[in-house]
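Trainee: Any chance you could fold what I've pasted below:
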Amino acid sequence: MLQKTFIGDAGPDSHHDLSTVIAAIPATSRQRKIAVGALILLVIISAATIPLAHIELPRVNSFVPITETAICIASLLTAAFLFAQYSVYPERALLVLAGGFVFNGLFAFLHVLAFPGVYGPVSLIGDGSNSLSWLFNFWNTLFPAAVVVYALAKDAGAVVNRSIRSIWIDIGVTVACVVIATAALTWAATSGIEYLPVLQQRGHRTFLQLQVSAARAVLNAVAFVVLFVRRRTILDQWLLVALPAWMPILIEAVWFTDLRFTAGWYLARVYGLLASFALLFVLLAETLFLYRRSVQSQRLMIAELDHRVKNVLAQVAAVATSTVQGSRSIDEFLRSLNGRLQSMATTHTLLSETHWRSVGLDALVRSQLAPYATEANVTISGANVMLTAAETQAVTRVLHELATNAAKYGALSIRGGQVIVSWDRVSNGEATKLTLIWREMGGPLVACEPPSSYGTNLIRHLIPHELGGTVDLAFAKEGVNCKIEIPISQA
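Mentor: Predicted structure coming up:
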């Protein structure tokens, strides 16, 4: 499946929220189970109509305009819903499917006008049975054909970020093409019926009609199989349920009676009506559910962002206050504060790349030593350890102070000095502990331990306070040694 990406010319302010686009969101296991259950129920109901196909019932002329007008409305509303989805997720295949529903709605209405006996002894358009048969075949052939094209084309390429004007042009052209095609086919089935083969003769179907009905059933089966193989999204899943909506009518047309107004004939059309509205209801319900979930997710994201911003501002304030206390001049204060803020920004970037889930310790150490590292003065080694967001932020601040001290006074301040950073994860069965060792060699000799400062206090106390670990900081003559132990999860 090709990955969908928006590449466009709508400008930097364009925004596509796909969180409510059922044509783009993969179906969950729950949604698949519900759709499969509905499909099984659909097949059972279809099978139940077969024994009723020959039972004759009173003719109710109003039944046809009511049911097929309702199908027309449901189909056109579904098409409008799909066009709305296209405006957010402009995939060409959606236009084909929406056009298929427009076609479905128009022919449901035309079929009523051609139905004999509904508005009088003769039909309003066409010659009666033959025109009705051709309209019915057009109706039930082109819609599954549109589904086949949709299923084959929906992964054909990248979704392009389109302007609102071009999207409306696409929708308008699609509707115009469907209306023109419908008008042409309607003319052929009515005014041009003399040029078409006879499908109904003396109230009975011809052999050609049986062949066309069989071909129509095969096309519906092909559409179902192709869509089943290429199903990806919530829309695909429920379209699979809607496709067999006319299964009872197809069975009736191929294998059963020529008579209308039998029990099977009534039930088949009631089932098609319910299936049409059920599809529309399900699609709207799924979209509403996704919209509510999107709103809830946005609220949680805003709350989380607010919490993080407050934490960052509090950290910046604390860092600025402590940096002032340890600085002897404005220039020293600005340099120290800038370095600490840059370190926090680097850590934020690492966390953002993983959506604040975890950061690899190797990447963290290298990011803090990057401003000072050469091929010879830094050695880094350790197992693959992932730190949580809280662990990452605390360890970053400690490493920054160690690296800054080494660059100013320690091994990184002269040529030939070296910093070795190593770590390992040790488990005793009940708990897992991360041990990180910072060791400096080849730097200026340390005559005595320097006086306490913001940096040394942070190194010694931040890890125990934030993470419940331990820190052993020693100023040996050959250089600074620091051993950090942190309890971490065993995952």
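Trainee: Could you use CA atoms for every contact and neighbour count after this?
Mentor: OK.
Trainee: Let me see the ranges of the helices in the stretch 301-450 of the chain.
Mentor: Along the stretch 301-450 of the chain, counting by DSSP state H, counting those that start in this stretch, helices occupy 330-353, 361-369, 389-408.
Trainee: TSV for those helices, including mean pLDDT?
Mentor: Formatted as TSV, the helices of the stretch 301-450 of the chain follow (pLDDT from 0 to 100):
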stretch	mean pLDDT
helix 330-353	76
helix 361-369	89
helix 389-408	88
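Trainee: Next, format the ones you listed as JSON lines and append distance to I463.
Mentor: Shown next, in JSON lines, are those (distance: least, CA to CA, whole Å):
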{"stretch": "helix 330-353", "distance to I463": "16"}
{"stretch": "helix 361-369", "distance to I463": "15"}
{"stretch": "helix 389-408", "distance to I463": "6"}
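Trainee: Which of those helices sits closest to A242?
Mentor: The stretch from the helices of the stretch 301-450 of the chain with the least distance to A242 (CA to CA) is helix 330-353; that distance is 41.3 Å.
Trainee: quick one, that closest one and helix 361-369 angle?
Mentor: 160 degrees (axes from the mean of the first three to the mean of the last three CA atoms, to 10 degrees).
Trainee: Between helix 389-408 and helix 330-353, find me the angle.
Mentor: If you take the same axes, to 10 degrees, helix 330-353 sits at 140 degrees to helix 389-408.
Trainee: buried ones in helix 330-353?
Mentor: For helix 330-353, the neighbour count (16 or more other CA atoms under 10 Å) marks F333, S336, L337, R340, L341, S343, M344, T346, T347, H348, L350, L351 as buried.
Trainee: how near is the third one to A317?
Mentor: Read that as L337. 10 Å (CA to CA, to the nearest Å).
Trainee: Then R425?
Mentor: Counting by CA to CA - R425 and A317 are separated by 34 Å.
Trainee: What is the burial count for L290?
Mentor: Other residues lying near L290 total 18 when counted by other CA atoms under 10 Å.
Trainee: what pLDDT does it get?
Mentor: Note for L290: predicted pLDDT of 76.
Trainee: Would you agree it falls within a helix?
Mentor: Yes: checked against DSSP: H, G, I helix; E, B strand; the rest coil, L290 lies within a helix.
Trainee: Quick one: low-confidence residue ranges for the stretch 101-250 of the chain.
Mentor: 120, 156-161, 202-203, 245-250 (pLDDT under 70).
Trainee: rewinding a little: which one of the buried residues of helix 330-353 sits closest to F136?
Mentor: L351 (60.0 Å).
Trainee: so where do the helices sit in the stretch 1-150 of the chain?
Mentor: 29-49, 63-88, 92-114, 129-153.
Trainee: Domain boundaries for the chain, per the record?
Mentor: Domain segmentation of the chain under automatic domain parsing yields 7-296, 357-488.
Trainee: Out of these, which is closest to V324?
Mentor: Among the domains of the chain, domain 357-488 sits nearest to V324 (CA to CA), with 9.6 Å.
Trainee: pLDDT below threshold where in the stretch 351-491 of the chain?
Mentor: The low-confidence ranges in the stretch 351-491 of the chain, as defined by pLDDT under 70, are 429, 490-491.
Trainee: and of the helices of the stretch 1-150 of the chain, who's closest to V270?
Mentor: So among the helices of the stretch 1-150 of the chain, helix 63-88 is nearest, using CA to CA, at 7.1 Å.
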